[in-house]
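Peer 1: Generate a structure from the sequence data that follows.
(one chain, ligands or ions: 1)
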Amino acid sequence: MSAVRTVPTTRAYADPDSKSAQLWARAQQVLPGGNSRTTVYMAPRPIYAADGAGCWVTDVDGDRRLDLLNNYTSLIHGHAHPAITEAATRRLARGASFPMPTPEEIDLASVIVDRVASVEQVRFTNSGTEAVMMTIKAARGFTGRSRIAKFEGAYHGSYDWAEVSLGSSADQWGPLDAPASLPYAKGTPPSVLDEVVVLPFNRTELAVARIEKEAKTLAAVIVDPVPNRAGLIPARADFLRALREVTAAHGILLVFDEVISFRVGYRGAQGVFGIRPDLTSFGKIIGGGFPVGAVGGRAEVMSVFDPRGGKPLVPHGGTFNANPVTMAAGLVAMQLMDERAFARFDEMGAKLRSGVEACFERAGVPGAITGMGSLFRLHAAPRAFVDYRSTVVSDEERARFDRLYRELLDHGVLLSPTGLGCLSTAVGESEAEYFLEVLNASLASVAGSA
Ligand SMILES: Cc1ncc(COP(=O)(O)O)c(C=O)c1O
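Peer 2: Residues are numbered from 1 along each chain as shown. Sure, this is the predicted structure:
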């Protein structure tokens, strides 16, 4: 598809009589705050999607945007890829779900096992949240310990334990060597907070010291090697190696949350960093655009789910687990991602990140970009990004970034409001150039209104 060469205006949604406005009025009657997914709420109201094709999305008012968010990194081939659509519809026509396993789950599990050295067996769920939940439950069942450690600012879905200290603010977060365990959702039981040890990301000595201090009670240390909500700052390899060593020394399971980071390499982020965790949670890209999650790991640990001897140590039901439509779509999506496709992402991602840096510099607007492979995140200020705390913005920085986000949205580019973006295989050179053109124009407008 050839790129649009002029920066378009995509603001039809803002009209008080727009179709988005009408849908929003209806939505608020039947959904709390008109919303089913906190992430996609947008003030004063969201823009409703109508169609997607490749890397372009058209909203219900007819405006078309370059989609660099890909349903929060899950659509690795963009929208409605013909081979994935064909596989899903062919499977759907033969039935969507059964009270029996189907052959498709074995095929997708085999792809993951073949690619990821640490994964000998796989178990499917319907979301990344459930996958993380099941890694934590598996770790508890396997070790007989109940507490976990996680990193400040890291998002792992909405399981209570995984949510702790997700959005810590400076007035509450406590010392860097012992970050406070803070609730994210109102009503989180205090006992949950006691069961989660919070660690500083990428701070090797501090994290290791805290793990050693709490070691006897810890079932697992869970780490996202490229944590989006903590700034999309890739973990340092020596930091991950230290986590591997300290957890192994104390009989603690090391869990990689690769729900997002599995898209940074053919063997996931763990392949890029050369680390073997005990368990991994997967999601997003492995479902070909359909709801999915998976837990994978060493057979010895995964045996907690084994029902052959009666009730497993960790029972795990799920009406739609491994549903064949997701499995069929996911299989094709993963097969299309061979090592060459990941190498292309690495090259394009690096080029795009340096292009974005040049745009910020040219415009004289403070800003930066982090990321890895096909993933990137724009930031409101240039800083030495190390951990979650170094990415937290001031009110002024937030306001400036909001203006930039809105300019992009209103001129044909879709990113997340926090600046998260990613490539899909549908993005070509001309679309990448189009993004940089729109970014240049948007930054000029932000600079002009400063
Ligand atoms: C690292 C990570 N873990 C877990 C999740 C939860 O996945 P899901 O939204 O499929 O429940 C997400 C979602 O964005 C994520 O980014």
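Peer 1: which element is the closest residue to Ala363 other than its chain neighbours on?
Peer 2: Leaving aside its sequence neighbours, Ala363 sits nearest to Leu443 (CB to CB, 6 or more residues apart in numbering; 3.6 Å). (Glycine included, C-beta is placed from N, CA and C.) If you go by DSSP states H and E, Leu443 is part of helix 429-448.
Peer 1: just checking, what packs against that helix?
Peer 2: strand 64-67, helix 339-363, helix 395-409, strand 413-414 (3 or more CB pairs under 8 Å, 6 or more residues apart in numbering; DSSP states H and E).
Peer 1: Now distance to Tyr434, mean pLDDT and mean neighbour count too, for these, in TSV please.
Peer 2: Formatted as TSV, those follow (distance: least, CB to CB, whole Å; pLDDT from 0 to 100; neighbours: other CB atoms under 10 Å):
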stretch	distance to Tyr434	mean pLDDT	mean neighbour count
strand 64-67	6	98	24
helix 339-363	11	98	16
helix 395-409	12	97	17
strand 413-414	8	98	24
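Peer 1: give me phi/psi at the residue of the stretch 301-450 of the chain found nearest the ligand?
Peer 2: For the stretch 301-450 of the chain, the residue closest to the ligand is Leu420, as judged by CB to the nearest ligand atom, at 9.5 Å. Main-chain torsions, Leu420, degrees, to the nearest 10: phi -70, psi 140.
Peer 1: now swap in the one 4 residues further on and tell me
Peer 2: The phi and psi values for Ser424, taken as degrees, to the nearest 10, are phi -120, psi 170.
Peer 1: ok, now which ones touch it?
Peer 2: Gly54, Cys55, Asp67, Asn70, Leu75, Ile76, His77, Gly78, Ser374 (CB atoms under 8 Å, 6 or more residues apart in numbering).
Peer 1: on that earlier part again, how many neighbours does the residue nearest to Ala363 have?
Peer 2: 23 (other CB atoms under 10 Å).
Peer 1: Pull the helix holding Leu443 out as PDB, backbone CA atoms only.
Peer 2: What follows is helix 429-448, C-alpha atoms only, in PDB (Å, rounded to 0.1, in the frame of the first residue of the first chain):
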ATOM      1  CA  GLU A 429       9.300   1.700   4.400                       C
ATOM      2  CA  SER A 430       6.800   4.200   3.100                       C
ATOM      3  CA  GLU A 431       4.500   3.800   6.100                       C
ATOM      4  CA  ALA A 432       7.500   4.300   8.400                       C
ATOM      5  CA  GLU A 433       8.400   7.500   6.500                       C
ATOM      6  CA  TYR A 434       4.800   8.600   6.700                       C
ATOM      7  CA  PHE A 435       4.900   8.200  10.500                       C
ATOM      8  CA  LEU A 436       8.000  10.400  10.700                       C
ATOM      9  CA  GLU A 437       6.400  13.000   8.500                       C
ATOM     10  CA  VAL A 438       3.400  13.200  10.800                       C
ATOM     11  CA  LEU A 439       5.600  13.200  13.800                       C
ATOM     12  CA  ASN A 440       7.600  16.100  12.400                       C
ATOM     13  CA  ALA A 441       4.400  18.100  11.700                       C
ATOM     14  CA  SER A 442       3.000  17.200  15.200                       C
ATOM     15  CA  LEU A 443       6.200  18.200  17.000                       C
ATOM     16  CA  ALA A 444       6.300  21.500  15.000                       C
ATOM     17  CA  SER A 445       2.700  22.200  16.200                       C
ATOM     18  CA  VAL A 446       3.600  21.300  19.800                       C
ATOM     19  CA  ALA A 447       6.700  23.600  19.600                       C
ATOM     20  CA  GLY A 448       4.500  26.400  18.200                       C
END
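Peer 1: All the strands of the stretch 101-250 of the chain, in order from the start?
Peer 2: For the stretch 101-250 of the chain, applying DSSP state E, counting those that start in this stretch gives strands covering 121-125, 147-151, 196-199, 218-223.
Peer 1: so which of those is the most packed in?
Peer 2: Mean neighbour count (mean count of other CB atoms under 10 Å) peaks for strand 218-223 among the strands of the stretch 101-250 of the chain, with a mean of 26.
Peer 1: And stretch 358-368, end to end?
Peer 2: Start and end residues of stretch 358-368 are separated by 10 Å (CA to CA, to the nearest Å).
Peer 1: which residue does the chain bring closest to the ligand?
Peer 2: For the chain, CB to the nearest ligand atom, closest residue to the ligand: Gly128, 2.3 Å.
Peer 1: follow-up on the earlier one: filter the contacts of Ser424 down to just the ones in strands.
Peer 2: Asp67 (DSSP state E).
Peer 1: Give me the pLDDT value at Gly128.
Peer 2: Listed pLDDT for Gly128 reads 98.
Peer 1: Wait, it touches Ser281, no?
Peer 2: Yes - the pair Gly128 / Ser281 is scored as a contact, 6.4 Å apart, by CB atoms under 8 Å.
Peer 1: how close does the residue nearest to the spatial centre of the chain sit to Thr89?
Peer 2: Nearest to the mean C-alpha position of the chain, by CA atoms, centre = their mean, lies Ile260 at 3.6 Å. As defined by CB to CB, to the nearest Å, Ile260 lies at a distance of 27 Å from Thr89.
Peer 1: can you check Phe256 too?
Peer 2: Counting by CB to CB, the gap from Phe256 to Thr89 is 33 Å.
Peer 1: Looking at these two, which has the bigger crowd around it?
Peer 2: Higher neighbour count among Phe256 and Thr89: Phe256, with 32 against 12, using other CB under 10 Å.
Peer 1: Tell me, how many residues neighbour Tyr48?
Peer 2: 17.
Peer 1: Hmm, it is touching Leu23, no?
Peer 2: Yes - Tyr48 lies in contact with Leu23 (CB under 8 Å); the separation is 4.9 Å.
Peer 1: and for the two, which residues touch both?
Peer 2: Going by CB under 8 Å, 6+ apart, residues that sit against Tyr48 and also against Leu23 are Val60.
Peer 1: Could you list the domains of this protein?
Peer 2: 12-76+340-448, 82-336 (automatic domain parsing).
Peer 1: end-to-end on the longest one?
Peer 2: Going back to what we said before, that points to domain 82-336. Domain 82-336 end-to-end distance (CA to CA) = 12 Å.
Peer 1: which residues are common contacts for Gly128 and Ser281?
Peer 2: His156, Asp257, Val259, Gly293.
Peer 1: Show the contacting residues for Leu254.
Peer 2: Ala220, Val221, Val223, Leu243, Arg244, Thr247, Ala248, Ile275, Pro277, Asp278, Leu279.
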